[in-house]
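Student: Sequence and computational prediction follow.
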Amino acid sequence: MKKHYSQTFIDRTKKPQWGTVKDVKIEETTVNPEIKNFKIIYGEIQEELHEGFGAMQEIFTQYWKEFREYRQEFRDFRREFQQEFGSFRQEFRNFAKETQENFKTVLEKYGEISEKLTTILETLVKESKETRKMLNETMNLLKRAVEKLAEK
């Protein structure tokens, strides 16, 4: 069983895209319960940096590919937005024109109503003055009539 598990581990181990595996040693051994952990032995600093830069280059390349896909997707969205916005822009222009025409109509109607109200008010004021004058004359005639009746 032990051999099967170690062989499965080795088979599943793949070479990293950004690293270099120089050597793999497979040794059969007995289990030592005193061993609680293991240690990775790193190479010289130049080798580690080279592997790190290789990893960064691979990651950068993946991001670049992904970015290019997003860039095309963004262009598609932009084109779609421009098409949609074009129709919205025309709808807005139509709405603005209609609103402006409605506003002109309201102003015209307001002007007509204002003129009519002014005419009505002027007529009421004139008729009110005439009515007051007639009432005063009537009151004076009534006063004289009562005074004549009181004299008799």
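Tutor: Done, it's in.
Student: switch to C-alpha atoms for all contacts and neighbour counts from now on
Tutor: Noted.
Student: Residue 47: neighbour count?
Tutor: 13 (other Cα atoms under 10 Å).
Student: now swap in residue 92 and tell me
Tutor: Other residues close to residue 92 by other Cα under 10 Å number 13.
Student: Roughly how far does it sit from residue 102?
Tutor: For residue 92, the distance to residue 102 equals 15 Å [Cα to Cα, to the nearest Å].
Student: Residue 140 too?
Tutor: Counting by Cα to Cα, the gap from residue 140 to residue 102 is 56 Å.
Student: which residues of the protein fall in helices?
Tutor: 2-12, 45-151 (DSSP state H).
Student: Can I get those in JSON lines including distance to residue 29 and mean pLDDT?
Tutor: JSON lines is the format used below for the helices of the chain (distance: least, Cα to Cα, whole Å; pLDDT from 0 to 100):
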{"stretch": "helix 2-12", "distance to residue 29": "9", "mean pLDDT": "53"}
{"stretch": "helix 45-151", "distance to residue 29": "29", "mean pLDDT": "87"}
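Student: Of all those, which one comes closest to residue 34?
Tutor: helix 2-12 (18.3 Å; Cα to Cα).
Student: re earlier: adding distance to residue 27, write the helices of the chain out as a markdown table.
Tutor: Output for the helices of the chain, formatted as a markdown table (distance: least, Cα to Cα, whole Å):
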| stretch | distance to residue 27 |
| --- | --- |
| helix 2-12 | 9 |
| helix 45-151 | 26 |
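Student: For residue 22, find the nearest of those helices.
Tutor: helix 45-151 (11.4 Å).
Student: starting at the chain centroid, how far to stretch 129-148?
Tutor: 77 Å (Cα atoms, centre = their mean, to the nearest Å).
Student: Now it - C-alpha only, PDB.
Tutor: In PDB, the C-alpha atoms belonging to stretch 129-148 read as follows (Å, rounded to 0.1, in the frame of the first residue of the first chain):
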ATOM      1  CA  LYS A 129     -67.700 102.300  -9.700                       C
ATOM      2  CA  GLU A 130     -70.900 102.800 -11.700                       C
ATOM      3  CA  THR A 131     -72.900 100.600  -9.300                       C
ATOM      4  CA  ARG A 132     -71.600 102.600  -6.300                       C
ATOM      5  CA  LYS A 133     -72.400 105.900  -8.100                       C
ATOM      6  CA  MET A 134     -76.000 104.700  -8.900                       C
ATOM      7  CA  LEU A 135     -76.400 103.400  -5.300                       C
ATOM      8  CA  ASN A 136     -75.300 106.800  -4.000                       C
ATOM      9  CA  GLU A 137     -77.800 108.600  -6.300                       C
ATOM     10  CA  THR A 138     -80.600 106.200  -5.200                       C
ATOM     11  CA  MET A 139     -79.800 106.800  -1.600                       C
ATOM     12  CA  ASN A 140     -79.900 110.500  -2.000                       C
ATOM     13  CA  LEU A 141     -83.200 110.300  -3.900                       C
ATOM     14  CA  LEU A 142     -84.600 108.100  -1.100                       C
ATOM     15  CA  LYS A 143     -83.300 110.500   1.600                       C
ATOM     16  CA  ARG A 144     -85.100 113.400  -0.100                       C
ATOM     17  CA  ALA A 145     -88.300 111.400  -0.500                       C
ATOM     18  CA  VAL A 146     -88.300 110.500   3.200                       C
ATOM     19  CA  GLU A 147     -87.500 114.100   4.200                       C
ATOM     20  CA  LYS A 148     -90.500 115.300   2.000                       C
END
